[in-house]
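*Asks:* Any chance you could fold what I've pasted below:
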Amino acid sequence: MIILANNKMDLNEVNVILHVDDIGMVQPSISAFAKLYSSGKILSGSLMAPCPWFAMAAQLQQKYPEADLGLHLTLTSEWAGYRWGPVAPVSTTSGLVDNSGRYFHRCNLDVCEQAGIETVTTELNAQIELAKNLGFNPSHLDGHMFTCQQAKFLPSLLDLALEHKIPAVCSRQQLNALPENTGQFWHKRLKQLGLPVFDTISRLPLNRDEQVLKAFFNHLPSGLHYLYAHPLKPGTELSAITLQAEERVAEYHALMNFDPANLAAALNIKLRSFNTLS
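*Replies:* Okay, the predicted model is just below:
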């Protein structure tokens, strides 16, 4: 069972958030988080508002009110045969949708090249408002495929985070990619407000053996780290969409066999949720 560090965060220590992305993309992502949370394997995750299973995923907060659940703000739709599009009304010339006129682009490069900042800001805000209208109150905001954390859109994400009083996930590397004056402004502003800036954002190496996973944690430097995975319970839904389904099911089984509490204790790692970052 995960025991969160309840002391004030010390960046001279190793602080880690273990995170599940893509909740609500398909139904097995919802049942995977429910099982991992109830088994004490993971506490944090984020939901995708434009996806068909979002309304059911939002019910996780009612079932597990102590869970650390945020919004996985979405501006891309990567699979060829399973698509979703904007929550806000957009024109076919907005740059936010592909040639279908309905679905998001499949890669974030196309979004960055074609979509305007105002259009993206409107869409991100619409996803936050949809969540709130469903009674879902996100503990944090992060980005699917890191699209809204690209330099073009990151200031808008941070502005929305301050407006809605919800912490946004960003790293020092992402802030440093901004124009110098803008990056310096946001480094200073986030520090003044006591909001998190992650030293690293990394995918958990769950596709390797246990020794590799332990070595990964053992080599984390002091600071604040955001470590994510995409677990799925076995099912046919995503298997019909992509070969990545097997990889995500393997991540689920790896996390179920993972003992984060013992590993954290052995390596003096402080496990955190967003409400323990200040």
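*Asks:* going forward, measure contacts and count neighbours with C-alpha atoms only.
*Replies:* Fine.
*Asks:* Show the contacting residues for Ser202.
*Replies:* With contacts defined as Cα atoms under 8 Å, 6 or more residues apart in numbering, Ser202 is in contact with His225, Tyr226, Leu227, Tyr228.
*Asks:* what about 7 Å?
*Replies:* Tyr226, Leu227, Tyr228 (Cα atoms under 7 Å, 6 or more residues apart in numbering).
*Asks:* try Pro86
*Replies:* So Pro86 contacts Pro50, Phe104, Glu123 (Cα under 7 Å, 6+ apart).
*Asks:* Would you mind confirming that the last one is in contact with Ala88?
*Replies:* Yes: the pair Glu123 and Ala88 qualifies as a contact (Cα atoms under 7 Å) at a distance of 5.4 Å.
*Asks:* For these two, indicate the residue with more neighbours.
*Replies:* Glu123 (21 against 16; other Cα atoms under 10 Å).
*Asks:* So which bits of the helix or strand where the more buried one lies are buried?
*Replies:* With secondary structure defined by DSSP states H and E, Glu123 is part of helix 117-133. Neighbour counts over helix 117-133 (16 or more other Cα atoms under 10 Å) mark 117, 120-131 as buried.
*Asks:* so which of the residues you listed comes closest to Ala151?
*Replies:* Checking the buried residues of helix 117-133 against Ala151 with Cα to Cα, the nearest one is Ile117 at 10.8 Å.
*Asks:* Chain neighbours aside, what residue packs nearest to that closest one?
*Replies:* Phe153 (6.3 Å; Cα to Cα, 6 or more residues apart in numbering).
*Asks:* Let me see the ranges of the helices in the stretch 101-250 of the chain.
*Replies:* In the stretch 101-250 of the chain, the helices defined using DSSP state H, counting those that start in this stretch lie at 108-114, 117-133, 154-164, 172-176, 180-193, 210-218, 244-256.
*Asks:* where does the stretch 151-278 of the chain have low pLDDT?
*Replies:* 278 (pLDDT under 70).
*Asks:* Verify the contact between Pro205 and Lys214 for me.
*Replies:* No: applying Cα under 7 Å, one finds Pro205 not in contact with Lys214, separated by 9.7 Å.
*Asks:* more neighbours, those two?
*Replies:* Per other Cα under 10 Å, whichever of Pro205 and Lys214 has more neighbours is Pro205, with 18 against 14.
*Asks:* which residues sit in contact with that one?
*Replies:* Leu213.
*Asks:* mind running it again at 10 Å?
*Replies:* Neighbour list for Pro205: Val212, Leu213, Lys214, Phe216, Phe217, Leu227, Tyr228, Ala229, Glu251, Ala254 [criterion: Cα atoms under 10 Å, 6 or more residues apart in numbering].
*Asks:* Turn the residues you listed into TSV, including distance to Leu43.
*Replies:* Formatted as TSV, the contacts of Pro205 follow (distance: Cα to Cα, whole Å):
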residue	distance to Leu43
Val212	22
Leu213	19
Lys214	19
Phe216	20
Phe217	18
Leu227	12
Tyr228	12
Ala229	12
Glu251	16
Ala254	16
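*Asks:* that older thread, please work out the average pLDDT along the helix holding Glu123.
*Replies:* Model confidence over helix 117-133, given as mean pLDDT, is 98.
*Asks:* re earlier: Thr200: which of the helices of the stretch 101-250 of the chain is closest?
*Replies:* Thr200 lies closest to helix 172-176 among the helices of the stretch 101-250 of the chain, at 7.6 Å (Cα to Cα).
*Asks:* The longest strand along the chain: what's the following helix or strand?
*Replies:* In the chain, assigned by DSSP state E, the strand with the most residues is strand 14-23. Remark: after strand 14-23, the chain's next helix or strand is helix 27-38, criterion DSSP H and E.
*Asks:* Many thanks, have a good one.
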